[in-house]
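S.K.: What follows is a predicted protein model with its sequence.
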Amino acid sequence: MGKLRIGLAGLGRLGQRYAENLARAVPRAELAAVCSPVEAEREWARGSLGIETIYHSYEEMLADPSLDAVFLVTPTSLHATQIEQALDVGKHVFCEKPLSLDLEDCRRAAAHAANAGKRAMVGFVRRFDESYRHAFMHIEGGGIGRPFLVYSQTTDLADPSGAFLKFAPTSGGIFLDCSVHDIDLARWLLGRPKATKVYSTGTVAMYPPLEAMGDVDNGIAIVEFEGGRMAMFYASRTQAHGHDTHTDVTGTAGRVSIGRNPRADRVEIADANGVRNAVVPSFYERFAPAFVTQAKHFVDAVLDDTPFELTMDDAVEATRIAIALRESLQSGQPVELGRS
């Protein structure tokens, strides 16, 4: 196969970014079709990307025999079922994180993928960021000895309008929406251990409507893993300076840090007001190149029949831990986790 013919479902803000990448930046991909129930989004695909094959529904697109694979950038509540539907009609699947907000749905979809004739991958884009990959290779090479502790944070620029509150009821809570990235990173950087115990707490600093949802706008979590490994996470929706993702990994012979000083570019200004630099406003600006690398990885792995760097089990475990953190937040108690 020269190119992988892809149909993309979901043309919201992030879906449009995926569509642009597949159409323009992934050489072995052909964005052959898209689908959306929203007329304005279909018109955007037609006008901005010149896509001619546009469907109103996912089911219509799945019936297109010319497509080899689908990319899902749809609401999380649809992910597990849509993955299974695509596999059942013989199409490979890439799905934006998280796999599901329900653990049993995650397990069902993973089991379905394991027995399908096609392949499925859930995207955790930070694994494809150049700096995180550099850190991973440094750790794998013994650069910090035996890694045992991760601190990782996902903190978003505050939105005074509170527009994200429309999405909050279906987000699964701050740990599933934000910290699931940090959870996946921690497991990856620590050697994929299973979690044994979690505890979380949080506060509503700026957005009171979150209280009625059982959610917070700032959360802190501790996860204990097998083998004495540990992780600490901080998630926030209220940062004044911009999107701030960074991770520290401590080992027996050193430490590696990724993204400690968030930057929009390499310009640093020094004047009478002090020394400062600009910060990116959102996660996409920070990880834009990694989204392209992630798409290339999926396409190349399917075409070349090579392994995905992320497994469906990785996606299940990240969700299992995030759901336990939500349970701890709401109960105020630690949550013990079995190995399953």
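M.R.: The structure has been received and is ready for your questions.
S.K.: And the helices in the protein?
M.R.: 13-24, 39-49, 58-62, 76-88, 103-114, 130-140, 174, 180-189, 283-304, 312-331 (DSSP state H).
S.K.: Which strands or helices does the third one pack on?
M.R.: To tie it back to what came earlier, the one meant is helix 58-62. strand 4-9, strand 29-35, helix 76-88 (3 or more C-beta pairs under 8 Å, 6 or more residues apart in numbering; DSSP states H and E). (C-beta placed from N, C-alpha, C; glycine too.)
S.K.: got the ones you listed as JSON lines, with mean neighbour count, distance to residue 123 and mean pLDDT columns?
M.R.: Conversion of the helices and strands packed on helix 58-62 to JSON lines gives the following (neighbours: other C-beta atoms under 10 Å; distance: least, C-beta to C-beta, whole Å; pLDDT from 0 to 100):
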{"stretch": "strand 4-9", "mean neighbour count": "24", "distance to residue 123": "13", "mean pLDDT": "98"}
{"stretch": "strand 29-35", "mean neighbour count": "24", "distance to residue 123": "14", "mean pLDDT": "98"}
{"stretch": "helix 76-88", "mean neighbour count": "20", "distance to residue 123": "11", "mean pLDDT": "96"}
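S.K.: In stretch 6-20, which residues are buried?
M.R.: Buried residues in stretch 6-20, counted by 16 or more other C-beta atoms under 10 Å: 6-11, 15-16, 18-19.
S.K.: export these to a markdown table and tack on distance to residue 127?
M.R.: Shown next, in a markdown table, are those (distance: C-beta to C-beta, whole Å):
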| residue | distance to residue 127 |
| --- | --- |
| 6 | 21 |
| 7 | 24 |
| 8 | 21 |
| 9 | 23 |
| 10 | 21 |
| 11 | 25 |
| 15 | 20 |
| 16 | 23 |
| 18 | 17 |
| 19 | 22 |
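S.K.: Pick the most deeply packed of the helices of the chain.
M.R.: helix 174 (a mean of 29; mean count of other C-beta atoms under 10 Å).
S.K.: what does the average pLDDT come to for that helix?
M.R.: On average, the pLDDT along helix 174 is 97.
S.K.: same thing with stretch 247-263?
M.R.: pLDDT averaged over stretch 247-263 gives 96.
S.K.: Same check on stretch 327-340?
M.R.: For stretch 327-340, the mean per-residue pLDDT is 90.
S.K.: what does stretch 124-134 give?
M.R.: 97.
S.K.: Identify the residues contacting it?
M.R.: Residues external to stretch 124-134 that are found in contact with it (C-beta atoms under 8 Å, 6 or more residues apart in numbering): 97, 136, 180-181, 184-185, 188, 245, 247, 258-259, 287, 289-291, 293-294, 297, 309-310, 314-315, 318.
S.K.: remind me which residues of the stretch 51-200 of the chain are low pLDDT?
M.R.: For the stretch 51-200 of the chain, no stretch is flagged by pLDDT under 70.
S.K.: Counting neighbours, what do you get for the nearest residue to residue 191 once chain neighbours are set aside?
M.R.: Leaving out its chain neighbours, the residue that sits closest to residue 191 by C-beta to C-beta, 6 or more residues apart in numbering is residue 147, at 7.3 Å. Residue 147 has 23 neighbours, counted by other C-beta atoms under 10 Å.
S.K.: residues touching residue 147, list them.
M.R.: Contacts of residue 147 (C-beta under 8 Å, 6+ apart): 139, 189-191, 229, 249-251.
S.K.: before we move on, what about residue 170?
M.R.: Residues in contact with residue 170 (C-beta under 8 Å, 6+ apart) are 75-77.
S.K.: One more: residue 51?
M.R.: Contact analysis of residue 51 by C-beta under 8 Å, 6+ apart lists 19, 23, 31, 33-34, 45.
S.K.: Tell me the one of these nearest residue 332?
M.R.: residue 19 (42.8 Å; C-beta to C-beta).
S.K.: Now that closest one. Nearest residue, chain neighbours left out?
M.R.: For residue 19, the closest residue by C-beta to C-beta, 6+ apart turns out to be residue 8, at 5.4 Å.
S.K.: likewise residue 210?
M.R.: residue 204 (5.2 Å).
S.K.: what sits against the one you found?
M.R.: 210-211, 216-218.
S.K.: Kindly report the same for residue 309.
M.R.: By C-beta under 8 Å, 6+ apart, the neighbours of residue 309 are 127-128, 297.
S.K.: nearest to residue 90, of these?
M.R.: residue 297 (21.5 Å).
S.K.: Which pLDDT value belongs to that closest one?
M.R.: 98.
S.K.: I'd assumed residue 306 was in contact with it.
M.R.: No - look at residue 297 against residue 306 with C-beta atoms under 8 Å: they stay out of range, at 9.2 Å.
S.K.: who touches both of the two?
M.R.: Joint contacts of residue 297 and residue 306 (C-beta under 8 Å, 6+ apart) do not exist.
S.K.: Would you mind pulling the contact partners of stretch 70-83?
M.R.: Contacts for stretch 70-83 (C-beta under 8 Å, 6+ apart): 6-12, 14-15, 18, 22, 58, 61-62, 86, 91-96, 98-102, 105-106, 108-109, 112-113, 120, 170-172, 295.
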